[in-house]
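**Q** the sequence isn't on hand, but the structure is:
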């Protein structure tokens with residue numbers, strides 16, 4: 001398993017390096033990251049739980065370490081995180097079902 005604490009620190013260092021090389025890219029990313037919070041429709045913990053589900057579905061370790069830390073800081077319980085992860089599992093399985101159907105469609109088109 002990863003050393004998540006050190007990984008997060010190393011990742012932040014590398015993202016900072018990237019930001020110095022491409023500051024406008026980092027600024028654009030930060031604007032996107034902060035945009036959802038400005039609507040006020042969802043509380044911060046809910047957004048972090050959603051981010052965790054998406055991070056798992058996208059298989060992004062960096063996203064997992066950052067959003068797990070934020071969710072914990074906002075008081076997310078292990079049970080809440082597990083429920084969010086269950087959504088990721090269901091969505092990932094659903095996507096596999098959809099793409100399985102598309103594959104069969106592609107195969108039928110060849111016949």
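**A** It's in. Predicted model only: the values in this text are computed from it and were never measured.
**Q** mean confidence score for stretch 24-42?
**A** The average pLDDT within stretch 24-42 is 92.
**Q** actually stretch 62-77, sorry about that
**A** 97.
**Q** now residue 34: how far from residue 109?
**A** 44 Å (C-beta to C-beta, to the nearest Å). From N, CA and C alone the C-beta is placed, and that goes for glycine too.
**Q** spatially central residue for this protein, please.
**A** Taking C-alpha atoms, centre = their mean, the centroid of the chain lies closest to residue 55, which sits 2.3 Å from it.
**Q** which helices and strands sit right next to the strand or helix carrying that one?
**A** Here residue 55 is covered by helix 44-58, with elements defined by DSSP states H and E. Contacts defined by 3 or more C-beta pairs under 8 Å, 6 or more residues apart in numbering; DSSP states H and E place helix 44-58 against helix 61-73, helix 78-110.
**Q** and it, what's buried?
**A** 45, 47-57 (16 or more other C-beta atoms under 10 Å).
**Q** could you dump these to JSON lines with distance to residue 90?
**A** Shown next, in JSON lines, are the buried residues of helix 44-58 (distance: C-beta to C-beta, whole Å):
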{"residue": "45", "distance to residue 90": "21"}
{"residue": "47", "distance to residue 90": "19"}
{"residue": "48", "distance to residue 90": "19"}
{"residue": "49", "distance to residue 90": "14"}
{"residue": "50", "distance to residue 90": "14"}
{"residue": "51", "distance to residue 90": "17"}
{"residue": "52", "distance to residue 90": "14"}
{"residue": "53", "distance to residue 90": "9"}
{"residue": "54", "distance to residue 90": "13"}
{"residue": "55", "distance to residue 90": "15"}
{"residue": "56", "distance to residue 90": "11"}
{"residue": "57", "distance to residue 90": "10"}
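**Q** noted, bye for now.
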